[in-house]
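A.B. asks: Next one to model:
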Amino acid sequence: MKSQRIDPKDLFTVLITQLSSSAWSQLGMNPNPITGKRETNLEAAVMTIGILEAIQLKTVGNLNKSEDKFLSESVR
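C.D. replies: Purely as a prediction, here's the structure:
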């Protein structure tokens, strides 16, 4: 199977989506993709949400409107 390359312009959105999805799973809101069970790991969730907040803080003024809105909604 040939792997598809992701357009570098889309990588920021992919990163935020992955982190946000991980946080939801760590909070027990989404089932674990491997076990299918809802599990909580609050320490990991705090860390993941902290990473999203750090990205938000460090990218102020460097994102386009849609990226900024997407990140803000992910952190909220």
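
A.B. asks: per-residue confidence for residue 1?
C.D. replies: Per-residue pLDDT puts residue 1 at 57.

A.B. asks: What is the neighbour count of residue 23?
C.D. replies: Neighbour count of residue 23, defined by other C-beta atoms under 10 Å: 22. The way it works is simple: take the backbone N, C-alpha and C, and place the C-beta from them, glycine included.

A.B. asks: how about the helices of this protein, start to end?
C.D. replies: Counting by DSSP state H, the chain has helices at residues 11-26, 42-58, 65-75.

A.B. asks: among those helices, which is the most enclosed?
C.D. replies: helix 11-26 (a mean of 16; mean count of other C-beta atoms under 10 Å).

A.B. asks: just how off-centre is that helix within its chain?
C.D. replies: 2 Å (C-alpha atoms, centre = their mean, to the nearest Å).

A.B. asks: Does residue 75 touch residue 49 like I think?
C.D. replies: Yes - here residue 75 reaches residue 49: they are 7.3 Å apart, a contact under C-beta atoms under 8 Å.

A.B. asks: For residue 29, which non-adjacent residue is closest in space?
C.D. replies: residue 38 (7.6 Å; C-beta to C-beta, 6 or more residues apart in numbering).

A.B. asks: who are the neighbours in contact with that neighbour?
C.D. replies: With contact taken as C-beta atoms under 8 Å, 6 or more residues apart in numbering, residue 38 is in contact with 28-32.

A.B. asks: buried subset of those residues?
C.D. replies: Among these, not one counts as buried by 16 or more other C-beta atoms under 10 Å.

A.B. asks: Which of the residues you listed sits closest to residue 11?
C.D. replies: residue 30 (22.2 Å; C-beta to C-beta).

A.B. asks: ok, that closest one - contacts?
C.D. replies: Here residue 30 is in contact with 21, 24, 38 (criterion: C-beta under 8 Å, 6+ apart).

A.B. asks: What separation do you get for it and residue 24?
C.D. replies: As for residue 30, its distance to residue 24 is 5 Å (criterion: C-beta to C-beta, to the nearest Å).

A.B. asks: do the same with residue 65
C.D. replies: Distance from residue 65 to residue 24, by C-beta to C-beta: 24 Å.
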